[in-house]
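Sequence and predicted structure, then a few things I'm wondering about:
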Amino acid sequence: MNKSQLQNEILAMIKMVFEDEKELEKIHAFLLEEIYQEPEPEKIPEKYKKVVSSMADSLISGLICYFNPDTIEFEDIPAFMIDPDEYELRTGEPEESIEFKYKSWTNFVEIEPLESYESFKIMEYFVNEVSDTGFQNKLINALNRRKPFGNFKYLVENSDYRQQWFDFRQAQYEQYVWNSIELSVEFKS
């Protein structure tokens with residue numbers, strides 16, 4: 001059987017149990033235990049590590065980052081400052097009154113904060129990193145209730161996993177920043 005035939009047969013089997021949550025959970029568990037391997041994150045080159053880490057911090061804070069691949073510097077800006085109307089509404093001054101460094105660069109990469117669903121995925125991934133199954137279940141419940149971000153934050157920040165969460169989230173954001181830089185620079189080369 002060739003690759004295409006195998007894929008079609010596997011997909012047909014999955015379609016047969018698509019409505020049965022328990023069967024899907026069995027398939028999922030099997031794939032995680034026996035087949036799936038988490039890809040290794042790409043290594044960030046040493047000369048980019050400091051700026052990538054700083055940009056990750058800015059993104060976690062909700063700032064938009066502009067990275068200059070030629071000089072390996074960045075500028076972070078609150079989102080409201082990018083929208084001229086919003087800037088004028090908040091500050092009472094026209095947008096032209098502020099000078100953005102990135103606007104003088106001939107080459108830059110814009111990196112926006114993660115969308116809510118992407119941040120949610122990071123929390124879900126973290127749950128798999130927790131070794132205590134009792135706490136893991138509490139986190140899963142928190143993510144499935146109303147206000148999942150607040151519930152998750154409360155549980156993690158009042159647990160022994162607080163620092164592990166901060167380190168995990170930072171690493172995820174750094175990988176996001178690096179992937180954004182690498183993709184943009186790659187396409188421009």
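Structure's in. What do you need?

isn't Trp165 right up against Phe126?
Yes: between Trp165 and Phe126 a contact is recorded at 6.0 Å, counting by Cβ atoms under 8 Å. The way it works is simple: take the backbone N, C-alpha and C, and place the C-beta from them, glycine included.

Contacts for stretch 167-182, please.
For stretch 167-182, contacts defined as Cβ atoms under 8 Å, 6 or more residues apart in numbering pick out 41-42, 44, 48, 52-53, 55-57, 59-60, 65, 67, 69, 109, 111, 114, 118, 122, 125-126, 129.

For burial, what's the neighbour tally of the closest residue to Tyr154 other than its chain neighbours?
Spatial nearest neighbour of Tyr154, excluding adjacent residues (Cβ to Cβ, 6 or more residues apart in numbering): Ala142 at 7.7 Å. Residues near Ala142, counting by other Cβ atoms under 10 Å, number 20.

What is the helix or strand containing Ala142 packed up against?
Using DSSP states H and E, Ala142 sits within helix 133-144. Where contact means 3 or more Cβ pairs under 8 Å, 6 or more residues apart in numbering; DSSP states H and E, helix 133-144 is packed against helix 116-129, helix 148-157.

Now tabulate those in a markdown table and tack on mean neighbour count, mean pLDDT and distance to Phe18.
As requested, those are exported to a markdown table (neighbours: other Cβ atoms under 10 Å; pLDDT from 0 to 100; distance: least, Cβ to Cβ, whole Å):
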| stretch | mean neighbour count | mean pLDDT | distance to Phe18 |
| --- | --- | --- | --- |
| helix 116-129 | 14 | 93 | 21 |
| helix 148-157 | 16 | 94 | 26 |
